[in-house]
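Peer 1: Please work out how this folds:
(5 chains, ligands or ions: 4)
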Amino acid sequence: MSANPDREYEQLRLSGLHAFYGESHILHGINMVVNRGELVTLLGRNGAGRSTTLKAIMNMVGRRTGSIMINGEETMSCAPHHIARLGVGYCPEHRGIFSSLSVQENLTLPPVVRSGGMSLEEIYNMFPNLYERRFSQGTKLSGGEQQMLAMARILRTGANMLLLDEITEGLAPVIVEKLGKVLVALKKKGLTIVLVEQNFHFAAPLADRHYVVEHGQIVEEISANELSAKQSVLDRYLGV
Amino acid sequence: MSMIFGVPVAVLSGQLLIGIINGAFYALLSLGLAVIFGLLKIINFAHGAMYMLGAMTTVLMFDYLGVNYWAALLLAPLLVGAFGVVIEYFLLRRIAGQDHIYSLLLTFGIALIITGVLVNWFGVSGLRYTMPDTFKGGVNLGFMFLPYYRAWVIVAALVVCFATWFIIEKTKLGAYLRAGTEDSQLMQGFGINVPLLISLTYGFGVALAAFAGVLAAPIYSVTPVMGSATLITVFAVVVIGGMGSIGGAIITGILMGVIEGLTKTFYPPASSAVIFLVMVLVLMFRPSGLFGKEA
Amino acid sequence: AVSNDTVKIGYLADMSGTYRDLAGPNGLAALNMAIKDFGGTVNGAKIEVVSADDRNSPDTSSSTVRRWVENENVDLVAGMVASSVSIAVSKILEENDKLGIISGSAASSITNEHCTPNHIHYVYDTYPLANGTASAVVKEGGKTWYMLTADYAFGHALEGDVRRVVEANGGEVIGAVRHPFPTQDFSSFILQAQASGADVIGLANAGADTTNAITTASEFGVTQSGQTLAALLLFLTDVHALGVETAQGIQLTTGWYWDMNEETRAWSDRFLEETGVRPTMVHAGIYSSTMQYLNAVKATGSDDAQTVRKQMMETPINDMFAKNGKIRVDGRMVHDMYLAEVKTPAESSGEWDLYKILRTIPADEAYRPLSESKCKLVNN
Amino acid sequence: MNQPTQSTDIHKAIVEQQAAQDRKKMMLNGVLLLLLLAAPFAIYPVFLMKILCFALFAVAFNLLFGFTGLLSFGHAAFLATGGYTTGYLLSNYPGLTTEMGIIAGTLAATVLGLGFALLSIRRQGIYFAMVTLALAQLVFFFFVQSEFTGGEDGMHGIPRGHLLGFINLEDNLNMYYFVLAVFIACYLLVQRTVNSPYGQVLKAIKQNEPRAVSLGYNVDRYKVLAFVISAALAGLAGSMKSVVFQLASLNDAHWHMSGEVILMTLVGGMGTLLGPVVGATFVVNIEYQLSQGALRDWVDPILGGVFVLTVLAFRSGIVGEIQKFMKKNLG
Amino acid sequence: MSEQYVLETRNLVKEFKGFVAVDDVNLQVQKGHIHALIGPNGAGKTTVFNLLTKFLIPTRGQILFKGKDITPLKSAAIAREGIVRSFQISAVFPHMTALENIRVALQTFEGSSFSFWKSGKSLNKLNQRCMELLDAVGLAEFANTTTVELAYGRKRALELATTLAMEPEILLLDEPTQGMGSEDVDRVVELVRKAAHGRTVLMVEHNLSVVSKLCDRITVLAQGAVLTEGDYAAVSADPKVREVYMGSDGSGERGSADSEQKETTQ
Ligand SMILES: Nc1ncnc2c1ncn2[C@@H]1O[C@H](COP(=O)(O)OP(=O)(O)OP(=O)(O)O)[C@@H](O)[C@H]1O
Ligand SMILES: Nc1ncnc2c1ncn2[C@@H]1O[C@H](COP(=O)(O)OP(=O)(O)OP(=O)(O)O)[C@@H](O)[C@H]1O
Ligand SMILES: [Mg+2]
Ligand SMILES: [Mg+2]
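Peer 2: Numbers count the residues shown, from 1 in each chain, chains lettered A, B, ... in the order given. Ligands and ions are numbered 1, 2, ... in the order given. Reported below is the predicted structural model:
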């Protein structure tokens, strides 16, 4: 099944999703659908609400209304830990490396939610830096190393839908390149990926579709093949 | 008889042993405190009250239900632990993520309430509890008479301490706990039921205090106010060990028991102050305590 | 005449802290029993009671009492346990010329260097405690003593009194250790006391310190190894908490015991009904002293402090609390004290059947003679 | 510089805003002052003085905690040092006028504060709190052991004496106005300090210490100064308290007292000027009311309840919550 | 001879419990240059910054400022010498207004920082200068806004203005464009260019387009040691640098932002 993903299978559907932090209304009715095996990006300016969308899916924001279906199941009333158990892997913007844990403990921390995740060796092969520093305290890593670790640890869990928030941030170009290859490989394996990315040139060649977020709404949906046609629209939205 | 600083060696060895016994007690109490602080970042000023509750439940269960010591050893921590879970669920949870000071005040308030209510119900003179027959008597070690019960205290306290340390530092569950306290939301995002984990941890921490309370019931006067005097000392132990360091709390507990014991021999009036002196000195040279991680 | 047509009594005691069981809420009950028994009025004037928790704090107490006497026309302040509270209150009473009857405190300095013409120290103090217990124990052969002393004024005073008595009776204090107040674990001190080889281990402390010390002593087999334990200040409530099994055989001095005669039993039964516990000597003393006070007000028709005090000094006290009690010029109420021994489990017939009285210590023998007094009211 | 008009306007607006705030503050202070001047005719003066002493203590504490972000858990040491020193001097040197005794007490606390500060200032967060606690415990031990304090019995009968040698302080009203004057002077000093250039630096340190360091501030020195001022004022509170009550006792040195001042500050509203004053008034009052009334035996549990309620429901304290409310509803 | 370098390190070493994070680094920053420090993740760039500003204590080696040995100085003293840094994570005083943020920096030069008895109004004389600085970074209209309420990019701008208020001789910037959209990146580039006028800048940056546009000289660190040094052309042509840092396509993924930039400016 993983070799030949069912492209029509709807893995994630957001309809009329609103989200609030206390008094401030951040998401104003997001609608989007992601099918199994797709890689979709959320583009937008700083503060547009992309990270908030991912957090809302994980039930990590204050208040939400609307609907979130994962694998056809309504999850608005699910606690975050239930959502993870549905096979969702989340890599947060702020990395979330645990300082009381060693690098290796950080890596093996998230429980395996499905079979088919990467093994520790595979991960260390991919990120030799982490192997070298595996016994140091998690937060003693350099900024970029922490970013690698944050990404690496959800690859272990076997989650089949990844929500990745700015994973190339602060990484050296070589590593970014490598990450690109990883994402391609994951896609091949049939994983569904929602990618929030600042670095459009990293995301462009990987994605099947792009959603542009502005002021908490999806203002544009662009599929990979119409990318060049809509370049100018995109540039306008992104303020390039 | 050979002497050290005017104190016979035999007496000194006795004092050392007593120090270790008391230290084991401190270790147990400060361990619970360190677990709660280390994992939940809560400064648990209700710890003394929980210790007291452990002892009180032991006595009351015996008086009213005829529950014996061995059963109490299990039941009292369970009951107090459950009570702790309730407190965590209804009160402490609401201030998660706030400054330390709030948890300190909240738990201090809780301690005042618990203690005050029990004082009104049971007075302050203390409740009667007789030592279980198994432990009556003792063994003469040559340099001192060691009551069986004290020997048991050492064994029981150290076993529990070690088990706790092992669980937290060496097991997966412990890793979840440690991580959950840093970023509980993210841990939940990984599929772990963190709120439950936190409630249970607090329950476990206070259960450790209650366990110490059960151990104390036969040898100390059991009163609603018995915890308040111990609290500050135990706190000092945790700070010297390094807030949140599990191993540190255990080792420092024993160390402080010994130091206090020696002070009781050489300059008794200072025995309640000596721990604070040690604390000032230690923090002077090691800002995060003996075993604390650098801030 | 009675001011404002009311006799107002302020009851001040520790209601919530370490000394709560000595006087506390039950002391207030005893006070109210006295007023009720007296008839609720004196010469037609109302008798009113106000009460407050002293929080064991001299400044809380002194602001309470100041307000009572300066603003609320309180005539008598009763109760009082912690010596710091009693001393602070007595200074304010002296300043405002009101009367105080201290029932709970132990410090003998209250009628010695801290005496004032405005207070009476009613139930007991450290002097007879040492006199009664220490001399009895020495006479029974306990020649060498090792003292465990609470490291504060009360403990020091008691230790001093014990030394004096022990030495006067031909004994010797061969060692002493001063422990912090409060102390939970006495094992280290008990060990030192055992190592000293003294005949007697004297406990110059109070409350939880004493009960903890006794429990630990019993655990470490002090009595089995031939040493005697002498607790100098032990209340009925303490012994009750310890239980006869642990406390048996301990000798102590008390100013009163509920089960001494018909009169004490009758009153105690009423007290038990009221409060659910047997009274300590302090409770009985509060009842007795309140009665004495009201009688004096009645006799003189006045609630002026000096008039009443004079009347009280002139009237010998003969009631269920004391026989031939007498209030001296320094404010000390001297009366017979009793040497008691804690019963063995076999002897004890109930929860509160705790003491047997071994000996009556006559008042003159028990208390510090005026000739030794440093009180400013005594012309030495 | 491309829009000079705009930036001048903004600047003007800022200055105006400051002035408006000052006016508001002045008005509030004026009303309070009138109330305080009239108070002893309605309320028992000694009780008012007690409140003022504790209010000063809390204000001192709040300068450190609320405005510098340093939680001292040892402030009782300064209160007691001030009290004992003044008490000892006034009792034993009849030649001293009252204010000299008070100044000496304040100085003693200041010196002690400097000592505490030097030993503790490098510690962070909870360790700072614990070092100050430990030092205060050592001070407590010293007071317990010293002869001059009267140990557990306390120091009694301290003469109130004469202010400047001729104003009789035995009179409660005289005493009250003296205490009030000192309190107001201190309150204004703290108000000034908080808003002074130095206060700005403190604020900066509290909000982001590493940044303050990188701007070239030797933060330890600023913290030490704040600590010393706070200790001095706490000592002054203790000195005055000992004169008002004519006694000094170990209660003042006990760690419970350090805890109580935290409670007062929090209940009133930490980091606000008026908060500690309101908090002290509140706590002293309820303690007094409770210990007198029918709930006499339940003072501790009720106080505990106040703690719990404050933390759960009014975390910004009375004044803080009012300020929040005003901001929300009145712009 | 060393006069031409404002900042110089000699055999700088930092070890963390046996792990060598900075290995014998000799850095020479020329006066008036914008000097970039680049390198793969974990190369030790932030650590070097921390050593220069004494947030970490060097294990060995010397730090020279204008030929003078400043190795023993403490953080605050170094700042007063004129070496001021920004942080990788934005560093502002969150509950002060933008103006007050800058004023705190200016106050360093006033003698009144300990004057607790002086009125706060005595600081108003600094406001004019504050407004100039705010203007310079385009924040004049936010002078009276509490800093927490500012958007991320503006916080960075404010931080820079605060840093400039210190009149530093040398400015240390750690990833000034991190987490910014391209819009903000451009603004920061402009700001840095302006700020660098008459001073020296040392910056860490992963965004190679920024580096190529701004920097006069580049030092590449790898595994704690200096790999190579030179201007952008020289460095980016170095095969070693390509291997450890820039990746196969030579300019690196981020580097392609460069071409994008050209596209849009055309
Ligand atoms: N915890 C929070 N509380 C209040 N507001 C928040 C919080 N987190 C984010 N916001 C606000 O929500 C809005 C959307 O933030 P979000 O993080 O989703 O933006 P983004 O598109 O991911 O941009 P960025 O590039 O800055 O990460 C922003 O205006 C931000 O200020
Ligand atoms: N306090 C510390 N204790 C132990 N190791 C540390 C410490 N700080 C940094 N390191 C290690 O030193 C190395 C250099 O870290 P540094 O933060 O300087 O890297 P960097 O070049 O800034 O990387 P990045 O570009 O990812 O931010 C890393 O491998 C890191 O793990
Ligand atoms: Mg984001
Ligand atoms: Mg870095």
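Peer 1: buried stuff in the longest strand seen in chain E?
Peer 2: Longest strand in chain E by number of residues (criterion: DSSP state E): strand E:5-16. Neighbour counts using 16 or more other CB atoms under 10 Å in any protein chain shown place E:5-10, E:12-14 of strand E:5-16 among the buried residues. The C-beta positions use only the backbone N, C-alpha and C, and glycine is treated the same way.
Peer 1: what distance separates that strand from the middle of the whole chain?
Peer 2: Strand E:5-16 sits 17 Å away from the centroid of its parent chain (CA atoms, centre = their mean, to the nearest Å).
Peer 1: Going by residue numbers, what spans are helices in chain B?
Peer 2: Listed in chain order, the helices of chain B (DSSP state H) span B:9-40, B:47-60, B:69-90, B:100-122, B:148-170, B:172-182, B:184-189, B:194-216, B:226-241, B:246-266, B:274-285.
Peer 1: most tightly surrounded among those?
Peer 2: Across the helices of chain B, the average number of neighbours (mean count of other CB atoms under 10 Å in any protein chain shown) peaks for helix B:47-60, which reaches a mean of 28.
Peer 1: who wins for proximity to residue D:188 among the helices of chain B?
Peer 2: With CB to CB as the criterion, residue D:188 lies closest to helix B:100-122 of the helices of chain B, at 27.4 Å.
Peer 1: For the closest one, name the packing helices and strands.
Peer 2: Applying 3 or more CB pairs under 8 Å, 6 or more residues apart in numbering or on different chains; DSSP states H and E, one finds that helix B:100-122 contacts helix B:47-60, helix B:226-241, helix D:255-268, helix D:299-313.
Peer 1: chain center to that helix, what's the gap?
Peer 2: 17 Å.
Peer 1: hang on, the earlier thing: the helix or strand following the longest strand of chain E and ligand 2 in contact?
Peer 2: Beyond strand E:5-16 on the C-terminal side, the first helix or strand identified by DSSP states H and E is strand E:19-25. Yes: applying CB under 6 Å from any ligand atom, one finds strand E:19-25 touching ligand 2 at E:19, E:21.
Peer 1: What strands line up against strand E:19-25, and which way round?
Peer 2: In the sheet, strand E:19-25 lines up against strand E:5-16 (antiparallel) (DSSP bridges).
Peer 1: In CSV, list the C-alpha atoms belonging to the strand it pairs with.
Peer 2: Extracted in CSV, the C-alpha atoms of strand E:5-16 (Å, rounded to 0.1, in the frame of the first residue of the first chain):
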residue,chain,number,x,y,z
TYR,E,5,42.6,45.0,12.8
VAL,E,6,40.0,46.2,15.2
LEU,E,7,39.3,42.8,16.5
GLU,E,8,41.6,39.9,16.6
THR,E,9,41.6,36.5,18.2
ARG,E,10,44.8,34.5,18.7
ASN,E,11,44.6,30.8,19.0
LEU,E,12,41.1,31.0,20.6
VAL,E,13,40.0,27.6,22.0
LYS,E,14,36.8,26.6,23.7
GLU,E,15,36.2,23.1,25.0
PHE,E,16,33.0,21.8,26.5
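Peer 1: what secondary structure does the residue positioned nearest the centre of chain A sit in?
Peer 2: Centroid-nearest residue in chain A, with CA atoms, centre = their mean: residue A:164, separated by 1.8 Å. Following DSSP: H, G, I helix; E, B strand; the rest coil, we place residue A:164 in the strand state.
Peer 1: wait, residue C:294 sits on residue C:35?
Peer 2: Yes: using CB atoms under 8 Å, residue C:294 is in contact with residue C:35, at 7.3 Å.
Peer 1: Quick one: mean pLDDT for stretch D:32-41?
Peer 2: In this model, stretch D:32-41 has a mean pLDDT of 90.
Peer 1: Could you give me the buried positions within it?
Peer 2: For stretch D:32-41, the neighbour count (16+ other CB under 10 Å) marks D:36, D:39-40 as buried.
Peer 1: Touching both of residue C:294 and residue C:35, which residues are there?
Peer 2: Counting by CB atoms under 8 Å, 6 or more residues apart in numbering or on different chains, the shared contacts of residue C:294 and residue C:35 are residue C:47.
Peer 1: So for those two, which residue has more residues nearby?
Peer 2: Neighbours were counted for residue C:294 and for residue C:35 using other CB atoms under 10 Å in any protein chain shown; residue C:294 has more, 24 against 20.
Peer 1: excluding its backbone neighbours, what's nearest that one?
Peer 2: Closest residue to residue C:294 apart from its sequence neighbours, by CB to CB, 6 or more residues apart in numbering or on different chains: residue C:38 at 4.8 Å.
Peer 1: Now do the strands in the stretch 151-300 of chain D.
Peer 2: Remark: strands assigned in the stretch 151-300 of chain D by DSSP state E, counting those that start in this stretch are D:155-156, D:162-163, D:167-168, D:247-248.
Peer 1: Out of the ones you listed, which gets nearest to residue D:310?
Peer 2: Distance to residue D:310, taken as CB to CB, is lowest for strand D:247-248 among the strands of the stretch 151-300 of chain D, at 29.4 Å.
Peer 1: Stretch B:223-232 near chain D anywhere?
Peer 2: Yes: Stretch B:223-232 lies within reach of chain D by CB under 8 Å from any CB of the partner chain, at residue B:232.
Peer 1: So is that stretch next to chain C?
Peer 2: Yes: with CB under 8 Å from any CB as the criterion, chain C is reached by stretch B:223-232 at B:223, B:225-226, B:229-230.
Peer 1: picking up where we left off before, can you tell me which of the buried residues of stretch D:32-41 end up in strands?
Peer 2: Counting by DSSP E, the buried residues of stretch D:32-41 place none of their members in strands.
Peer 1: okay, those in JSON lines with distance to residue B:99 next?
Peer 2: Formatted as JSON lines, those follow (distance: CB to CB, whole Å):
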{"residue": "D:36", "distance to residue B:99": "32"}
{"residue": "D:39", "distance to residue B:99": "34"}
{"residue": "D:40", "distance to residue B:99": "38"}
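Peer 1: re earlier: from the residues of stretch B:223-232 next to chain C, pick the one nearest residue B:207.
Peer 2: Residue B:207 lies nearest to residue B:230 out of these, by CB to CB, at 16.8 Å.
Peer 1: For that closest one, give its distance to residue B:105.
Peer 2: Residue B:230 is 20 Å from residue B:105, where distance means CB to CB, to the nearest Å.
Peer 1: Tell me the one among the buried residues of stretch D:32-41 nearest to residue C:92.
Peer 2: Closest to residue C:92, out of all of those and judged by CB to CB, is residue D:40, at 18.7 Å.
Peer 1: Not counting sequence-adjacent ones, nearest residue to the closest one?
Peer 2: Counting by CB to CB, 6+ apart, residue D:176 is the residue found nearest to residue D:40 once chain neighbours are left out, at 4.9 Å.
Peer 1: That neighbour against residue D:47, yeah?
Peer 2: No: with contact defined as CB under 8 Å, residue D:176 does not count as touching residue D:47 (10.1 Å).
Peer 1: More neighbours: those two, which one.
Peer 2: Each of residue D:176 and residue D:47 has its neighbours counted (other CB under 10 Å); residue D:176 has more, 22 against 19.
Peer 1: Tell me who's in contact with that one.
Peer 2: The contact partners of residue D:176, taken as CB under 8 Å, 6+ apart, are D:40, D:45, D:48-49.
Peer 1: Tell me how far the nearest residue to residue A:197 once chain neighbours are set aside lies from residue E:180.
Peer 2: Among residues not flanking residue A:197 along the chain, residue A:203 sits closest, at 4.2 Å (CB to CB, 6+ apart). Residue A:203 sits 16 Å away from residue E:180, going by CB to CB.
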